[in-house]
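Prediction below, plus the sequence it came from.
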Amino acid sequence: MDESRRERFEELAPALIEPVRRYLARRTDPDTAEDVLAETLLVCWRRVEEVPELPLPWVYAVARNCLHNAQRSARRQDRVAARIMAQPQDPGPPDDQALHDALAALRPEEAELLRLWAWEQLTPAEIAVVLDITPNAASIRLTRAKQKLSDRLRKSGAAAGHEESREGRRP
């Protein structure tokens, strides 16, 4: 690591953290703001040679771009949930944690198929190119992955106690 790069970053960072944190806090929720702040500082570290003498406006631009990336990612995740919920086998809208858990429980190859389909909005033919398989294989695997995800979501809903309550009713 070049010592002058590190020194330059250590000189810049302390003066930037709080102004950028406030900038982000006014534009998004606290958790996203902290994530974007970390991403912004990482960009500043990687591009420390490009940081101008008056760094704050430049860093605000970096933070703005990082925030836009985070917002796009959140919208993609929302579209994934919406597309999965639109599947006829799906009994209802899964919460984010249930969806995350269900995806994590799948084989990595199945989860990747679903992400390419839902997040990247690829067709089975396009997924086939990404995964270097035939379009027919992609279509079959995607159908199976959707079914497995739907089954896992259905099971997690039942296991989470979403059955109708009988409390206060007469037998």
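Yep, that arrived. Numbering: from 1, shown residues only.

For the residue most central in space within the chain, report the pLDDT, please.
By C-alpha atoms, centre = their mean, the chain has its centre lying nearest to residue 73, at 5.0 Å. Note on residue 73: pLDDT of 85.

and it, what helix or strand is that in?
Taking DSSP states H and E as the criterion, residue 73 maps to helix 55-85.

try residue 98
helix 96-105.

same question, residue 120
Using DSSP H and E, no helix or strand contains residue 120.

State the distance from residue 114 to residue 10.
42 Å (C-beta to C-beta, to the nearest Å). Just so you know, the C-beta spots here come from the backbone N, C-alpha and C atoms, and that holds for glycine as well.

okay, these two: which has more neighbours?
Neighbour count, other C-beta atoms under 10 Å: between residue 114 and residue 10, residue 114 has more, with 22 against 10.

Name the nearest residue to that one, sequence neighbours excluded.
Nearest residue to residue 114, sequence neighbours excluded (C-beta to C-beta, 6 or more residues apart in numbering): residue 145, at 5.3 Å.

again with residue 25
residue 33 (5.0 Å).

what angle separates the strand or helix carrying the one you found from helix 55-85?
Taking DSSP H and E as the definition, residue 33 sits inside helix 30-46. Interaxial angle of helix 30-46 relative to helix 55-85 (axes from the mean of the first three to the mean of the last three C-alpha atoms, to 10 degrees): 130 degrees.

So which elements touch helix 30-46?
Counting contacts by 3 or more C-beta pairs under 8 Å, 6 or more residues apart in numbering; DSSP states H and E, helix 30-46 packs against helix 3-25, helix 55-85.

Quick check: the gap between residue 151 and residue 106.
Taken as C-beta to C-beta, the span from residue 151 to residue 106 is 10 Å.

One more: residue 2?
Distance from residue 2 to residue 106, counting by C-beta to C-beta: 43 Å.

again with residue 20
Taking C-beta to C-beta, one finds residue 20 at 37 Å from residue 106.

Between those two, point out the one with more neighbours.
Using other C-beta under 10 Å, the more surrounded residue of residue 20 and residue 106 is residue 20, with 23 against 16.
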